[in-house]
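Asks: pasting the sequence and the predicted coordinates here, then a few questions.
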Amino acid sequence: MPDITPPPFPDDVPTVPLLVIDYALLRVGDEHEIDRLWKAATELGFWYLKNHGTDAEVDAMLEMGAHTMALPLEEKMKFEQGDGGNSFGYKFAGSNATDATGALDSVEFINVSKDDALAFPVVVHRKYPRTVEERMESAVRPFVRKSMEVNQTLMDTLNDRLGLPPGCLAKLHTPEDHSGSEARCIKKTPASTPEAPDRAAIGAHTDFGSLSFLHNRLGGLQVLPPGTDEWKYVKPMPGHAICNLGDAMAIFSAGILRSNLHRVVPPPKSQASFERWSLVFFTRPGHSVPLAPLTTESPLIAEAAARAPESRYATGSTAGEWFRRRIQNQRIKNRMGPETWMASRGTEHKEAY
Ligand SMILES: O=C(O)CCC(=O)C(=O)O
Ligand SMILES: [Fe+2]
């Protein structure tokens, strides 16, 4: 029998020490824990979350992902997201650029819309492979509901620290409004010939929406800490989710909250020859929400916007348009040249890529 247990994360690669935030303490309004969340959200935009109570839902989703990725490619391709800027459905490995040269990504995804998961069997956006639909009520919907609740709690906490009126951010992310919110299961198959340890499986990016709730088992996720040029691994820790902020929160807060660059490379060292699976729930604003700083709602944000270079956060687009533009310009089929990659970018600093 081959050894199917992957080796542990190596202890001789550079890692970023994320703060560990206790979800149970946040839920009871513990001020010290809220201070620590605020520090993580404003300085790096990434943190570990423990006591989130979602482990069983994560396992059920990874099982759904394994059944889905095991379908013949021809079957999966019937549900491909396409080149028009839609995210929901299947994404084949090699469909996206990972940088300005047009180097290809090496991960496949199954993305399930929050709207489709909540409304099932009613179809809001699209149909999914049978391996997904069969588990929509037993696995996908419970994971979506739990993740929405966790992200809502984090968002409400940040809302209050930003000096926004109670429930202000929540109103931009209601369960009813159609949005780009989605669950994503990601598979990276080990390369048949050894890959460079820094070859991007998913290119450097900031997340497109508001909050990402991520679960992975093997290494490979890397963060570029602000003010540095060395990518650092995020070490997966059992029972700990990885949370990060996306562009929408950076924009709403005029840069007070940080949407940090990250990427996925092959799992480090001896983990490289194993399949890498990860699972994310992305909370994104309703499609019609304008992406602009909430200056009239909070003096703190108004001050930050006044200090920021003019128009830095004035996107002139809705959340739906922002999402579509970023997805569409990553697709290799749409590539005209390096400018297509530039057109896929978010709020990150120009010098970082
Ligand atoms: O797989 C991971 O660890 C991260 C995935 C990610 O950054 C994304 O899908 O936006
Ligand atoms: Fe990401």
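Replies: The structure has been received and is ready for your questions. Ligands and ions are numbered 1, 2, ... in the order given.
Asks: so which residues of the stretch 51-200 of the chain form strands?
Replies: Under the criterion DSSP state E, counting those that start in this stretch, strands of the stretch 51-200 of the chain are mapped to 89-91, 108-113, 182-188.
Asks: swap in the stretch 201-350 of the chain?
Replies: Taking DSSP E, counting those that start in this stretch as the criterion, the stretch 201-350 of the chain carries its strands at 202-205, 211-216, 221-223, 232-233, 241-245, 262-264, 276-283.
Asks: hey, C-alpha coordinates of the fifth one in CSV?
Replies: Spelled out, it's strand 241-245. Presented in CSV, the C-alpha positions along strand 241-245 are these (Å, rounded to 0.1, in the frame of the first residue of the first chain):
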residue,chain,number,x,y,z
ALA,A,241,-9.4,28.4,9.8
ILE,A,242,-7.5,31.1,7.9
CYS,A,243,-9.5,34.3,7.5
ASN,A,244,-8.6,37.3,5.3
LEU,A,245,-10.1,40.5,4.1
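Asks: residues contacting Ala139?
Replies: Ala139 is in contact with Glu57, Ala60, Met61, Glu63, Met64, counting by CB atoms under 8 Å, 6 or more residues apart in numbering. C-betas here are computed from N, CA, C, even on glycine.
Asks: and with 6 Å instead?
Replies: With contact set as CB atoms under 6 Å, 6 or more residues apart in numbering, Ala139 has these partners: Ala60, Met61, Met64.
Asks: by neighbour count, which of the residues you listed wins?
Replies: Among the contacts of Ala139, Met61 has the most neighbours (other CB atoms under 10 Å), with 28 neighbours.
Asks: hmm, Phe143 and that residue touching each other?
Replies: Yes. In this structure, Met61 is within contact of Phe143 by CB atoms under 6 Å, at 4.8 Å.
Asks: list the buried residues in stretch 153-162.
Replies: For stretch 153-162, the neighbour count (16 or more other CB atoms under 10 Å) marks Leu154, Met155, Asp156, Thr157, Leu158, Asn159, Arg161, Leu162 as buried.
Asks: and those, which of them are in helices?
Replies: Using DSSP state H, the members of the buried residues of stretch 153-162 that fall within helices are Leu154, Met155, Asp156, Thr157, Leu158, Asn159, Arg161.
Asks: closest to Val123 among those residues?
Replies: Val123 has its nearest neighbour among these in Met155, at 27.9 Å by CB to CB.
Asks: could you tell me how many residues sit around Asn321?
Replies: If you look again at residue 321, you'll see it is Glu, not Asn. 16.
Asks: so what pLDDT did it get?
Replies: The model reports Glu321 with a pLDDT of 95.
Asks: what's the answer for Glu348, then?
Replies: 77.
Asks: surely it is in contact with Leu261?
Replies: Yes. Counting by CB under 6 Å, Glu348 does reach Leu261; the two are 5.0 Å apart.
Asks: find residues that contact each of the two.
Replies: What both Glu348 and Leu261 touch, as defined by CB under 6 Å, 6+ apart, is the set Thr206.
Asks: residue numbers of this protein in contact with ligand 1?
Replies: Residues of the chain lying close to ligand 1 (CB under 6 Å from any ligand atom) are Arg184, Ile186, Ile202, Asp207, Leu214, Asn216, Leu221, His262, Val264, Ser278, Val280.
Asks: list just the nearest of these to Glu43.
Replies: Nearest to Glu43 among the residues of the chain next to ligand 1: His262, at 14.8 Å, using CB to CB.
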